[in-house]
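Enquirer: Okay, predicted coordinates and the sequence, questions at the end:
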Amino acid sequence: MFYREAGDIKTSYVADSQTFPIAFDRIGYLCVIAVAFGVLPFIIGPYWANAVFVPFLIYAIAAIGLNILTGYCGQVSLGTGGFMAVGAYACYKLMTGFPDLNIIFVILLAGGITAAVGTAFGLPSLRIKGFYLAVATLAAQFFLVWLFNKVPWFYNNSASGQISAPERSVFGVAVTGPNVEAWAKYLICLGFLFVLAWMARNLTRGSLGRSWMAIRDMDIAAEIIGVNPLRAKLTAFAVSSFFIGIAGALFFSVYLGAAEAGEAFGINKSFLVLFMIIIGGLGSIFGSLAGAAFLVLLPVLLKNTFVGLLGWPTDLTAHLELMVVGGLILTFLIAEPHGLAQLWRVAKEKLRLWPFPH
Amino acid sequence: MPESLLYGTEVVLNGLMAGVLYALVALGFVLIYKASGIFNYAQGVLSLFAAMTLVGIMNGQIPFAHLINAALGTEIHHFGWHINALVAILLTMVVMVGVAWCVQRFVFRHLIGQEPIILFMATIGLAYFLEGLGDIMWGSDIKKLDVGLPQGGSLWIEENTQWLGFGNENFYGFFLDRLDLIATVIAALLVIALVAVSQYTKHGRAMRAVADDHQAALSVGISLNFIWVFVWSIAGFVALVAGIIWGAKSGVQFSLSLIALKALPVLMLGGFTSIPGAIIGGLIIGVGEKLFEFTVGPLVGGATENWFAYVLALIFLVFRPQGLMGEKIIERV
């Protein structure tokens, strides 16, 4: 029997509370990591990197960030695009202001700055709840994008109003700028995602994560049993914005190379990331990854089928994509509100009992 | 009167009329929210869809022509007839009732009893779906909508307000768009009609009963399904009116659906549950953002209209979380 806890005897608390209690899962996870770090960088080409892997990795970081806020702490935010823009512009200002600073630190600092901005916009959440808050976060979205468009300081007075990433390297390998190899882009994003996902997983099952979930499930009751709502909500905003800021910094510096706030970080980006966590599964790290993969792959797939195979015009396919995405959101909310992550969980439960029905 | 005061007054007047249009969209939100607890983000897209359908019907466009052409290799685009605006509006209304029925039957019936935030996200999904559907049905190009509403500035008002300048040569009287004036009248009539329907008709009373308490309404024999289809149809009608006015103003195009984003802060300010709140909120936001753009806008680079309403509503909400006229939010554990 290949998928059982039976025989896998836990002798310590650490072993008992590990993320993957079933040996098969552990091996599978290690295999995925090994392939992602050890095999893919050698075979990845520019098309696969730019069309699929790099956007997937970056959106996965953003989705984990939003999932911490929305899925774990229950505060719906529509300001993701705005916070990604903060990350991107902070990254740009740091890159141009301190050319000698390593890009890794630049991106981490950009995340930190976004965390501060996010916490400031999270303050109203102490008074406003539910979709009042969702609409309030739109204020962040519109205000931040407007700010980056209108204040020349943020884009160093460049004539086009765009920001573009200068060349920076890690260990002598260029990761931003015009001459980047596909595998370098892929690896830096993968590295960030790996560390951040690991961090998120361990944050959400610790005391901080439990206080977020208590607030999500019922904030007044949580307050009564001793969870400090101020601390819980603001840390959720800070951690979430940190992740989203890093995603924004990577999106601008590694993926796009040049960006303009309104175009790259508009309201549609906020919805896209929200859709990822709805389809993937609210309150699940795996769900964030699954949702990001799904919504990055879907347009590529639709485009290849309809434009490539059937020869339909691109605009028609774009409209069809809107319909499919909207329809999927509705289907998931009706049929499986916990998203792909729940389907995965159910499949695993079934697998544990297989071939016996009960 | 000093010149700046005159211009200020003109800005306020224009702001008031923009506010009426915001209030019109906000009304659609309030209606659905009151009757079903759904915060309908798709209201703006509903307007876009209604306006597209109206133009499509008037010009005799074949629905899904683009798709059919792509799939079957045909070359169809128009039926070749033109339909009178009034008939087309009626036909569009039939389509909107159909949409209302579908939305109720296939989506929200399955989501009864879910948390409000889930319903909100479902309407975002619905907005995407409808937007895609509208584009595929009628094409995404910018269309001209002409149902015979007057355009351009009102000369009569300009001539009759010129004396306010008291001989000031730079003042030619207030410039007010005739379309805005008509829109204000239509919006006022619509509000009166809606209030009358909800106060004095059988279905209106049933609607208010559902809003008060779903189970109690069911127990006295009100069909929830019917009421919800009814409410979504009314929201569709309001969307159609808003779509006609905005469409006549700036053409039928994607940006029409963004008026929903303008209506959200109006609702936050006025309170989600109050029709007068929506109107007052709309007026405050309309005047506020025009005045802010007029006074502070030039100092900070303009285009403050994008966010001013949101920030105003946000600050306001921190002090009064239920909005200006909303019902007090009572929470129980």
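Expert: Cool, got the structure.

Enquirer: so how far is chain A from B:Val238?
Expert: B:Val238 sits 20 Å away from chain A, going by CB to the nearest CB, to the nearest Å. (C-beta placed from N, C-alpha, C; glycine too.)

Enquirer: which residues does that residue contact?
Expert: Applying CB atoms under 8 Å, 6 or more residues apart in numbering or on different chains to B:Val238 gives the contacts B:Leu24, B:Val25, B:Leu27, B:Gly28, B:Leu31, B:Leu190, B:Leu194.

Enquirer: again, 10 Å this time
Expert: By CB atoms under 10 Å, 6 or more residues apart in numbering or on different chains, the contact list for B:Val238 reads B:24-32, B:43, B:46-47, B:50, B:96, B:187, B:190-191, B:194.

Enquirer: correct me, but A:Ser158 touches A:Ala259?
Expert: No: counting by CB atoms under 10 Å, A:Ser158 stays clear of A:Ala259, with 11.6 Å between them.

Enquirer: and for these two, which residues touch both?
Expert: Overlap of the contact sets of A:Ser158 and A:Ala259 (by CB under 10 Å, 6+ apart) consists of A:Ser164.

Enquirer: Quick one: neighbours of residue 284, just the number.
Expert: Picked chain A for this. The tally of other residues near A:Ser284 (other CB atoms under 10 Å in any protein chain shown) stands at 24.

Enquirer: oops, chain B please
Expert: B:Ile284 is flanked by 24 other residues according to other CB under 10 Å.

Enquirer: hang on, it packs against B:Val266?
Expert: Yes: in this structure, B:Ile284 is within contact of B:Val266 by CB under 10 Å, at 8.2 Å.

Enquirer: hey, what's in contact with both of those two?
Expert: By CB under 10 Å, 6+ apart, B:Ile284 and B:Val266 have these common neighbours: B:Gly19, B:Tyr22, B:Ala23, B:Ala309, B:Ala313.

Enquirer: what helix or strand does the first one sit in?
Expert: Taking DSSP states H and E as the criterion, the element that holds B:Gly19 is helix B:3-36.

Enquirer: avg pLDDT for stretch A:117-127?
Expert: Averaging pLDDT along stretch A:117-127 gives 88.

Enquirer: er, stretch A:346-358 I mean
Expert: Averaging pLDDT along stretch A:346-358 gives 81.

Enquirer: Extract the CA atoms of it and return them as CSV.
Expert: Provided in CSV are the C-alpha atoms of stretch A:346-358 (Å, rounded to 0.1, in the frame of the first residue of the first chain):
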residue,chain,number,x,y,z
VAL,A,346,-10.6,15.2,-1.3
ALA,A,347,-8.5,13.2,-3.8
LYS,A,348,-5.9,12.6,-1.1
GLU,A,349,-8.5,11.4,1.4
LYS,A,350,-9.9,9.0,-1.2
LEU,A,351,-6.4,7.8,-2.0
ARG,A,352,-5.7,7.0,1.7
LEU,A,353,-8.7,4.6,1.8
TRP,A,354,-8.3,3.2,-1.7
PRO,A,355,-9.2,0.5,-2.7
PHE,A,356,-11.6,0.3,0.2
PRO,A,357,-14.7,2.5,0.0
HIS,A,358,-14.9,3.3,3.7
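
Enquirer: my read: B:Val197 touches B:Ile275, true?
Expert: No: using CB under 10 Å, B:Val197 is not in contact with B:Ile275, being 11.4 Å away.

Enquirer: Neighbour count for these two, which is higher?
Expert: B:Ile275 (20 against 15).

Enquirer: so what's that one up against?
Expert: The contact partners of B:Ile275, taken as CB under 10 Å, 6+ apart, are B:Ala23, B:Ala26, B:Leu27, B:Val30, B:Leu31, B:Lys34, B:Val191, B:Leu194, B:Val195, B:Ser198, B:Met325.
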